[in-house]
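# any chance you can model this:
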Amino acid sequence: MVSMTEEGEVLSLLLNSIGLGVFVPALRQFPGYFTSLGFSPVVTVTLLLAPWIAYKAVCFMCGYLMIAVEISPGDLVRAAEYLSTENASWSRETIAMLNRISRNELQTGNSKSGKYIAFTWSSMRKIVFYPLSSSWFWKDGKIFRIQGRRVTEYYNAAQSNRIEYTLSCFGNSAEPIRKVLQTSMDIVFKHERDKTSVWHPRYQSPSPEWTRLALRASRPAETLAIDSKILSNTLDDINEYLRADAMEHYHTKGIPYRRGYLFHGPQGTGKTSLVHVIASVFELPIFCLRLCDKALTDESLVSLTTNMPQRGILLIEDIDSAGLVRNPTGSEHGITLSGYLNATDGFAAPEGHILIISTNRRDLLDGAIIRPGRVDYEVHLTNASRSQAQQLFKTHYGLTGLGDLDSMAVEFAGNFPEFHISPAEIQQYLLKAKYRDSPQAAIKEIAEWVSELELRSESRRI
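Numbering: from 1, shown residues only. Predicted coordinates:
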């Protein structure tokens, strides 16, 4: 017969062995109560703790029988997010977040007056659950576990949160995990097939990193109203640079595998639109940099350029506004001319991507920025010619099926002086509500609009 003292000691030993020794003092008085009721304290506590012990045993065994892969920040995180949201219902702990929804899912109604369209705020976002604990799922004949962990970072009094993922499966090979991630990435990319991803720097960490800001609908080349020869020559040049054997060709000649483009011309002539078309045609992401950003330094610029993928567009718009000069008089800007040149064309500068810089004033740029070897191809965009005005008109009304579109486009363009009005201004005119579905109305009032525009332009020059 085991005495109550011995049972108490056994109970204490049991609790201490499984890391619950903190409860020993509180439970020392209970053996007498259990015995008076006809229960063994040791057996009772063991039965109560059996599920917890079994859970810990399973976790211990999983640590030895499963292989785990931590998903690093980048494109693979999107595959992990897809897996986690697909299996979030099996997770005990989740975090709820509001995500943007697609344009097709937006719900509209009427405003209170009944006259205007009103968007329901709640319809612009949807609730998505991301698991923060283990979530198990079955895939390709194997059991997988995905774990989410919330990470909070602090930098310069700023706080940022992200979720890190670990994907595990039974066995001693990571190949099943690779296949699951590849399948998930294929699904993600299929949904984004006709989209252009736009990335911006994120400075809320010691080392700046790229974060995807938006997905834009791809733009077909035929919707761009610039000289067809300029467009085709630019696309052909980029196509030659991106050929599979181009890198070897460059390196054989001892030339760094880099190519820079300068797009310059007045405002509204299509510089940004041309970049969008290039990204759409070659299915490349766009990485946008603002050199006048106060958070950008020479060191962070090097970090951002070296962490770009080999195939991508580094876009620096309005480079003239960055004030990159040889002898700066102030320190209001975070980067210097030498820092910019080292990051984009220095010995350690990355290779394989496309550098595109744009400006409204080419004459304001330092010669070191646009010398051959740093800028290999220039595109000068001008205000609209009459042929461009015709193209804009036909693109805008091409799907209406109203009348003889070609003759109307010629009549419309005949009201424009050559190279005086930007394509953006013409497009703005055509987008007015009263002209949206009525090419005849647009033609009828175009002469008056052109006269008003020229008068305003003349008054600004005086």
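
# and stretch 380-387, what's buried?
For stretch 380-387, a neighbour-count test (16 or more other C-beta atoms under 10 Å) marks Leu381, Thr382, Asn383, Ala384, Ser385, Arg386 as buried. (Each C-beta comes from the backbone N, C-alpha and C, glycine too.)

# contacting residues around stretch 347-355?
By C-beta atoms under 8 Å, 6 or more residues apart in numbering, the list of residues contacting stretch 347-355 from outside reads 238, 241, 247, 256-261, 278, 284, 302, 305-306, 308-314, 316, 342-344.

# what do you get if the cut-off is 7 Å, keeping everything else the same?
238, 247, 256-261, 305-306, 308, 310-314, 343-344 (C-beta atoms under 7 Å, 6 or more residues apart in numbering).

# sorry, back to before: in helices, which of the buried residues of stretch 380-387 fall?
Arg386 (DSSP state H).

# looking at the buried residues of stretch 380-387, spot the one nearest Trp449.
Distance to Trp449, by C-beta to C-beta, is smallest for Ala384 among these, at 13.7 Å.

# now do the same for the closest one: its pLDDT.
If you check Ala384, the pLDDT there is 94.

# ok, now Val281?
At Val281, pLDDT is 95.

# same question, the one 5 residues further on
Each residue has a pLDDT score; the one for Ile286 is 96.

# low-confidence stretches in the stretch 301-450 of the chain?
For the stretch 301-450 of the chain, the stretches with pLDDT under 70 are 325-333, 399-403.

# care to break this protein down by domain?
4-65, 72-191, 215-380, 386-461 (automatic domain parsing).

# and the second one, average pLDDT?
Taken as a whole, domain 72-191 has an average pLDDT of 70.

# start and end of that domain, how far apart?
Separation of the first and last residues of domain 72-191 by C-alpha to C-alpha, to the nearest Å is 22 Å.

# quick one: the helices in the stretch 51-200 of the chain?
Using DSSP state H, counting those that start in this stretch, the helices found in the stretch 51-200 of the chain span residues 75-86, 175-191.

# most packed of the ones you listed?
Among those, helix 75-86 has the highest mean neighbour count (mean count of other C-beta atoms under 10 Å), at a mean of 19.

# not counting residues beside it along the chain, what's closest to Ile319?
Distances taken as C-beta to C-beta, 6 or more residues apart in numbering place Ile357 nearest to Ile319, at 4.6 Å, with adjacent residues excluded.

# quick check: the one you found touching Val275?
No. The pair Ile357 / Val275 is not scored as a contact, 10.5 Å apart, by C-beta atoms under 7 Å.

# between the two, who's got more neighbours?
Ile357 (27 against 23; other C-beta atoms under 10 Å).

# sorry, back to before: could the buried residues of stretch 380-387 go into TSV alongside distance to Asp366?
Below are the buried residues of stretch 380-387 laid out as TSV (distance: C-beta to C-beta, whole Å):
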residue	distance to Asp366
Leu381	21
Thr382	24
Asn383	26
Ala384	30
Ser385	31
Arg386	36
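
# dump the helices of the stretch 51-200 of the chain to JSON lines, plus distance to Ala221.
Listed next are the helices of the stretch 51-200 of the chain as JSON lines, based on distance: least, C-beta to C-beta, whole Å:
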{"stretch": "helix 75-86", "distance to Ala221": "26"}
{"stretch": "helix 175-191", "distance to Ala221": "22"}
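
# closest one to Val198 among the ones you listed?
helix 75-86 (14.4 Å).

# wasn't Glu411 part of a strand?
No. Read with DSSP: H, G, I helix; E, B strand; the rest coil, Glu411 is helix and lies in no strand.

# that one touches Ala442, doesn't it?
No. Under the criterion of C-beta under 7 Å, Glu411 is not in contact with Ala442, lying 10.2 Å apart.

# these two - which one has more neighbours?
Ala442 (21 against 16).

# and the gap between that one and Asp404?
Ala442 sits 15 Å away from Asp404, going by C-beta to C-beta, to the nearest Å.

# contact partners for the residue nearest to Ile319?
Leu262, Ile316, Ile319.

# report the secondary structure state of it.
strand.

# tell me which stretches of the stretch 351-462 of the chain form strands.
Here the stretch 351-462 of the chain has its strands, by DSSP state E, counting those that start in this stretch, at 354-359, 377-380.

# repeat for the stretch 101-250 of the chain
Going by DSSP E, counting those that start in this stretch, the stretch 101-250 of the chain shows strands at 108-110, 117-119, 125-131, 135-139, 142-155, 158-170, 195-202, 209-217.

# hmm, back to that, pick the one among the contacts of Ile357 closest to Ser197.
Ile316 (17.6 Å).

# any idea how far His264 is from the residue lying closest to the closest one once chain neighbours are set aside?
Excluding its sequence neighbours, the residue lying closest to Ile316 (C-beta to C-beta, 6+ apart) is Ile357, at 4.6 Å. Counting by C-beta to C-beta, the separation of Ile357 from His264 is 9 Å.

# ok, now Asp293?
With C-beta to C-beta as the criterion, Asp293 and His264 are 22 Å apart.
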